[in-house]
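A.B. asks: Okay, predicted coordinates and the sequence, questions at the end:
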Amino acid sequence: MGLWPLDPVELAQSLIRCESVTPIDGGALAALEGWLQPMGFTTERMPFQEQDTPDVDNLFARIGSNNAGQHLCFAGHTDVVPVGDSSEWRDPPFAATIHDGVLYGRGAVDMKGAIAAFVAASAAYLNDINKEPKGAISLLITGDEEGPSINGTKKMLKVLGERGERFDACIVGEPTNPLQMGEMIKIGRRGSLNAVLSVKGVQGHVAYPERADNPIHGILPLLHALTDTPLDAGHPHFPGSSLQLTSVDVGNTTTNLIPAKVEARFNVRFNANFDGAALEKELKRRLDAVGRPYELSVSVSGESFVTEPGQLTEIVAKAVQTVSGSRPEFSTSGGTSDARFIKDYCPVVELGLISATAHKVDEHVATQDIRDLAETYRLILHAFFEG
Ligand SMILES: [Zn+2]
């Protein structure tokens, strides 16, 4: 066996060939078991179900003991988003073809390439040390990240936690680099709040406004109160929180009717200056100050979090720099990921491939990027257990 007992590019091809559009597994977890078990990993399927959501299968695999030292977990998802119109792809989206050193296929960057790199790096590391690790390495793999995210990582962590599984650090393999390898790791994410604001009026004829109460006129100062002043001035690891109106709607098809009700929708991506409850309070404070009756319903789909720069971020940044030659930016940009669940259990950093083609037609990755990512993960394992 050489330095790389398993080739991460071949593993990525095998995973892409599993047609695992959420919530279907397509054999992806079985492929992982087939590679991990011979390496000495104990593997466990963790299927979950809940009313009104599809059943989802998940996989937890671990080598080494929780009690012998630190536990490093690699987390990710084998499910992928739909391919769209497959005739628009240069090759069938699950064929995993390679042209001029570029691997094409749904999930190439988001995130089967990274999961292949987890496995290949673990194999290489175990081969390097030629014994059990001084602690535990695990893979926490869900089939429910691109879907409702209800029967995946969140429930796995809860069950594992109740069983006494203890995590010391986690690397999530989401594609974190905007355009080039080595550019960026993610140390947190903004939170996300969705809201519906409604204002009631009195319906009437536009010619007799004195007999009506126009709710559109009524909602305007409320919308101004929400948007005129920034929610905050930023945070050391985040941009300022951002409120974006996404719809103002009365469903009115006529020109001579004052409608009875208007509804506005908005989303707030918020930084660590707020949690969802504090943000809701601030929104209501602004609206109450206007003095017009309104109704506001909010739902928080994810809280903001940040892993403060420290031992884990340094280990990851150094490994990235060794392989890519550049020190990565520590960022909290982008949408949500399962890191929002993991942060309740241990420090979590996200490091993966280049996100530019994620979810797109002809999703692709340079095969060298997969190899570089595997090498980076291998260096992280060495630094984590022996550094
Ligand atoms: Zn993803």
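C.D. replies: Cool, got the structure. Not measured: the values here are computed from a predicted model.

A.B. asks: What are the boundaries of the helices in the protein?
C.D. replies: 8-16, 28-36, 113-129, 153-162, 215-227, 276-288, 311-324, 339-342, 367-386 (DSSP state H).

A.B. asks: I'd like to know which of those helices is closest to the ion.
C.D. replies: helix 113-129 (8.7 Å; CB to the ion). In short, each C-beta sits where N, CA and C put it, glycine included.

A.B. asks: and that closest one with helix 28-36, angle?
C.D. replies: Relative orientation of helix 113-129 versus helix 28-36 (axes from the mean of the first three to the mean of the last three CA atoms, to 10 degrees): 10 degrees.

A.B. asks: Run through the residues that contact whatever residue of the stretch 201-350 of the chain ends up closest to the ion.
C.D. replies: Nearest residue of the stretch 201-350 of the chain to the ion, counting by CB to the ion: S337, 6.5 Å away. Residues near S337 by CB atoms under 8 Å, 6 or more residues apart in numbering: 145, 172, 174, 186, 189, 350.

A.B. asks: Give me the pLDDT for it.
C.D. replies: pLDDT recorded at S337 is 89.

A.B. asks: again, but for P148
C.D. replies: 85.

A.B. asks: Pop out the phi and psi values for it.
C.D. replies: Dihedral angles of P148 (phi, psi; degrees, to the nearest 10) stand at phi -70, psi -10.

A.B. asks: can you check V290 too?
C.D. replies: Taking degrees, to the nearest 10, you get phi -70, psi -40 for the backbone angles of V290.

A.B. asks: hang on, isn't it packed against L223?
C.D. replies: No: counting by CB atoms under 8 Å, V290 stays clear of L223, with 9.7 Å between them.

A.B. asks: Could you give the number of residues near whichever residue of the chain sits closest to the ion?
C.D. replies: As assessed by CB to the ion, the ion sits closest to D110 within the chain, at 4.1 Å. Using other CB atoms under 10 Å, D110 is surrounded by 26 other residues.

A.B. asks: In contact with the closest residue to P47 other than its chain neighbours, which residues are there?
C.D. replies: Sequence neighbours aside, D57 is the residue nearest to P47 in space, at 4.6 Å (criterion: CB to CB, 6 or more residues apart in numbering). By CB under 8 Å, 6+ apart, the contact set of D57 is 25, 29, 45-47, 143.

A.B. asks: Most widely separated two among the residues you listed?
C.D. replies: D25 and M46 (12.3 Å; CB to CB).

A.B. asks: more crowded one of these two?
C.D. replies: Just comparing D25 and M46: by other CB under 10 Å the higher neighbour count belongs to D25, 22 against 19.

A.B. asks: isn't the more buried one right up against L59?
C.D. replies: No: using CB under 8 Å, D25 is not in contact with L59; the gap is 9.3 Å.

A.B. asks: quick one on the thing from earlier: pretty sure the residue of the chain closest to the ion is touching V172, no?
C.D. replies: No: using CB under 8 Å, D110 is not in contact with V172, being 11.8 Å away.

A.B. asks: Could you break the protein into its assigned domains?
C.D. replies: 8-189+304-386, 191-302 (automatic domain parsing).

A.B. asks: okay, those domains, which one's buried deepest?
C.D. replies: Mean neighbour count, computed with mean count of other CB atoms under 10 Å, is highest for domain 8-189+304-386 among the domains of the chain, reaching a mean of 20.

A.B. asks: just how off-centre is that one within its chain?
C.D. replies: 11 Å (CA atoms, centre = their mean, to the nearest Å).

A.B. asks: quick revisit: can you narrow the contacts of S337 to ones near the ion?
C.D. replies: Applying CB under 5 Å from the ion, the subset of the contacts of S337 adjacent to the ion comprises E174.

A.B. asks: which among the contacts of D57 gets closest to L279?
C.D. replies: Nearest member of the contacts of D57 to L279, counting by CB to CB, is G143, at 31.5 Å.

A.B. asks: What residues does the closest one make contact with?
C.D. replies: 20, 22-25, 28-29, 56-58, 77-79, 152.

A.B. asks: out of the contacts of S337, what pair is the most spread apart?
C.D. replies: E145 and K186 (14.8 Å).

A.B. asks: Low-confidence ranges, the stretch 1-150 of the chain, go.
C.D. replies: By pLDDT under 70, the weakly predicted segments of the stretch 1-150 of the chain are 1-2.

A.B. asks: what residues does this structure put near the ion?
C.D. replies: Contact residues, the chain versus the ion (CB under 5 Å from the ion): 110-111, 174.

A.B. asks: right, and A116 touches I370 too?
C.D. replies: Yes: using CB under 8 Å, A116 makes contact with I370 at a distance of 6.4 Å.

A.B. asks: Spit out the residues that contact the two alike.
C.D. replies: Between them, A116 and I370 share the contacting residues 8-9, 12, judged by CB under 8 Å, 6+ apart.

A.B. asks: which one of those is nearest V202?
C.D. replies: A12 (61.7 Å).

A.B. asks: Without its sequence neighbours, what residue ends up closest to that closest one?
C.D. replies: In space, A12 is closest to A116, 3.8 Å off (CB to CB, 6+ apart).

A.B. asks: so who does that neighbour touch?
C.D. replies: Here A116 is in contact with 8-9, 11-12, 14-15, 370, 374 (CB under 8 Å, 6+ apart).

A.B. asks: for G76, same thing?
C.D. replies: With CB under 8 Å, 6+ apart, G76 has these contacts: 111, 114-115, 118, 139-142, 145, 172-174.

A.B. asks: swap in G147?
C.D. replies: So G147 contacts 22-23, 53-54, 56, 79 (CB under 8 Å, 6+ apart).
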